[in-house]
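**Student:** Take this sequence and fold it.
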Amino acid sequence: MSKVTDNYEALAAAVGLRYDGANNTIYGQKDGYDLIVYAADSRYPYMLTIHTAAKSPTGAALTKQEKKEFAKSVKSVAALRQEGNQILVSHKAVNKQEKLKESMKESISSLLSFLKSKGYSPCCSVCSRSEEVASFRFGGTYTHLCPDCEEKMRGNMLSLTQEMQAKKENIVGGIVGALLGSLVGVLCIILLSQLGYVAALSGAVMAIGVLKGYELLGGKISKKSVVICVIIMLGMTYVGDRLDWAIMLYRASEGVYGWNIFEWYRMVPEMISTGIIEMTDYALNLFLIYLFLLLGAIPTLRSKIKERQEKGRLMKLGSASDFIGNTNTFNS
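**Tutor:** Numbers count the residues shown, from 1 in each chain. Next up is the predicted model:
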């Protein structure tokens, strides 16, 4: 087990809750309130969120002043927000485990006392009924569902799964969309280069633009389309780099030859062969751009795949099984 897993297990035991290793999440009930404690961003495992569902007797939401006063009154709390029936507390980051245990106890205890003082009672996140609820992970988010809402959500997900499976992928449209999206990445490469930078940001922009463009005009993303998108990313990154050189040559010539940028683009290989552009400079610059493409694109692709795989997934925390609609799982 990892150190984070060990720490989460110890934290769960300290605050009287349970640990779900499959989702790396702490959950359980205290004073009748269903609680989930998780890291909103896995890269920052100790920036935790406390999540519960509760409603006021009048149906009114917490005021801005009430949320501000609560956050100010509890040292371990950074902010309190409300999204419908869902109450979320951003806990301040604490790396020392013993201190985290104590501050988390304080945050949870203060939150429950605050909700009780305002007359808030536990409820289902969706229907607002004050029934016994359970904690679920739905895609990349968390929620608290009563049995009826759980059943309805599973039914809706199954229908959506069947609809998505029946939907055909438009490869030609996807390629057109990916090429259009890649133009944003090409523009980013050129702009950053003209400013004197070669940044991983251009790789992320290229990946997002290509994937989003393919999905918009192609209908859905599959394993085949990921390969197509990667090829387009590599090709258009080369185009962007060569166009950047063409712009530099155009500016350096100061119009002496009367060539436009596209003519200079065509002349780039000849400029390399004649030594006007140093081969080592050209190769090094292209290598760096591809390196940063990988640094920016790989996390983007992984994130996209994970997002699509989780979108059709409903998992009850603490359960060994889950319902997978797979509305967006990558198909061959």
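**Student:** Give me the residue ranges of this protein where confidence is low.
**Tutor:** 1, 161, 164-166, 200, 308-312, 320-332 (pLDDT under 70).
**Student:** hey, where'd the helices end up in it?
**Tutor:** Counting by DSSP state H, the chain has helices at residues 3-14, 64-73, 97-117, 147-166, 171-194, 200-218, 223-253, 261-273, 279-311.
**Student:** For those helices, could you give me TSV that also reports distance to His91 and mean neighbour count?
**Tutor:** Every C-beta, even on glycine, is put in place using the N, C-alpha and C of the backbone. Listed next are the helices of the chain as TSV, based on distance: least, C-beta to C-beta, whole Å; neighbours: other C-beta atoms under 10 Å:
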stretch	distance to His91	mean neighbour count
helix 3-14	11	16
helix 64-73	11	13
helix 97-117	5	17
helix 147-166	27	14
helix 171-194	36	19
helix 200-218	29	23
helix 223-253	37	18
helix 261-273	53	15
helix 279-311	24	16
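**Student:** Reformat those helices as a markdown table; add distance to Ser128.
**Tutor:** Formatted as a markdown table, these follow (distance: least, C-beta to C-beta, whole Å):
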| stretch | distance to Ser128 |
| --- | --- |
| helix 3-14 | 28 |
| helix 64-73 | 19 |
| helix 97-117 | 15 |
| helix 147-166 | 10 |
| helix 171-194 | 40 |
| helix 200-218 | 34 |
| helix 223-253 | 40 |
| helix 261-273 | 60 |
| helix 279-311 | 25 |
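**Student:** So for Asp31, which of these sits nearest?
**Tutor:** Between Asp31 and the helices of the chain, the shortest separation by C-beta to C-beta is 5.2 Å, and it involves helix 97-117.
**Student:** What is that closest one packed up against?
**Tutor:** Applying 3 or more C-beta pairs under 8 Å, 6 or more residues apart in numbering; DSSP states H and E, one finds that helix 97-117 contacts helix 3-14, strand 33-39, strand 48-55, helix 64-73, strand 77-83, strand 86-91.
**Student:** Dump that helix to PDB, restricted to CA.
**Tutor:** Extracted as PDB, the C-alpha positions of helix 97-117 are listed here (Å, rounded to 0.1, in the frame of the first residue of the first chain):
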ATOM      1  CA  GLN A  97      -0.900  13.300   9.900                       C
ATOM      2  CA  GLU A  98      -1.600  13.800  13.600                       C
ATOM      3  CA  LYS A  99      -2.500  17.500  13.000                       C
ATOM      4  CA  LEU A 100      -4.700  16.400  10.100                       C
ATOM      5  CA  LYS A 101      -6.600  14.000  12.200                       C
ATOM      6  CA  GLU A 102      -7.400  16.600  14.800                       C
ATOM      7  CA  SER A 103      -8.300  19.300  12.300                       C
ATOM      8  CA  MET A 104     -10.500  16.900  10.400                       C
ATOM      9  CA  LYS A 105     -12.300  16.000  13.600                       C
ATOM     10  CA  GLU A 106     -12.800  19.700  14.200                       C
ATOM     11  CA  SER A 107     -14.100  20.400  10.700                       C
ATOM     12  CA  ILE A 108     -16.600  17.500  10.700                       C
ATOM     13  CA  SER A 109     -17.900  18.200  14.200                       C
ATOM     14  CA  SER A 110     -18.200  22.000  13.400                       C
ATOM     15  CA  LEU A 111     -20.000  21.300  10.100                       C
ATOM     16  CA  LEU A 112     -22.600  19.000  11.700                       C
ATOM     17  CA  SER A 113     -23.200  21.400  14.600                       C
ATOM     18  CA  PHE A 114     -23.600  24.200  12.100                       C
ATOM     19  CA  LEU A 115     -26.100  22.300  10.000                       C
ATOM     20  CA  LYS A 116     -28.100  21.300  13.100                       C
ATOM     21  CA  SER A 117     -28.100  24.900  14.300                       C
END
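**Student:** for it, the distance to its chain's centre please.
**Tutor:** How far helix 97-117 lies from its chain's middle: 28 Å, per C-alpha atoms, centre = their mean, to the nearest Å.
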